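1. only geometry, no sequence info:
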């Protein structure tokens, strides 16, 4: 626990605040990943037994609302008509893909902007501390031990 406090002390005030945002967004990323992986079983169930999902009217309405084919038809970009089962399968794949892509893009940018920024700032702090040391310090200490 002491190591975490020391590490947290090395961060700037804005980095400390951004740390809490980082943790919050990582939790959101975990939820998105759980949702994307959790959609695999309903997709396989729909492919194996298509009549099972047709029993639930509310699920059908949500999936038809989020269907990319219906969205394109709504904006008059295409006039594709599919069976209800095909439309549901396409909707599930679409939702799975959106969750999966959003999670990876989201986490990539979050990690690159925050984590590598902190890494750079701590490295710069350490480098400036070593540069400000007197020459005797460098003569008496081996550079591999620093």
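-> In hand now; what should we look at? What you see is a predicted model, and the numbers here were worked out from it, not measured in a lab.
2. next SSE after the helix-or-strand element of the chain with minimal mean pLDDT?
-> Ranking every helix and strand in the chain by mean pLDDT, DSSP states H and E puts helix 68-74 at the bottom, with a mean of 71. Heading C-terminal from helix 68-74, the first helix or strand you meet, by DSSP states H and E, is helix 84-110.
3. so what does that following helix touch, helix or strand wise?
-> In terms of contacts (3 or more C-beta pairs under 8 Å, 6 or more residues apart in numbering; DSSP states H and E), helix 84-110 is packed against helix 13-38, helix 40-48, helix 50-53, helix 57-65, helix 68-74. C-beta here means a position set from N, CA and C on the backbone, and glycine is covered the same way.
4. take those helices and write them to JSON lines, including distance to residue 2 and mean neighbour count.
-> Formatted as JSON lines, the entries for the helices and strands packed on helix 84-110 read as follows, by distance: least, C-beta to C-beta, whole Å; neighbours: other C-beta atoms under 10 Å:
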{"stretch": "helix 13-38", "distance to residue 2": "17", "mean neighbour count": "13"}
{"stretch": "helix 40-48", "distance to residue 2": "42", "mean neighbour count": "13"}
{"stretch": "helix 50-53", "distance to residue 2": "53", "mean neighbour count": "13"}
{"stretch": "helix 57-65", "distance to residue 2": "49", "mean neighbour count": "13"}
{"stretch": "helix 68-74", "distance to residue 2": "52", "mean neighbour count": "15"}
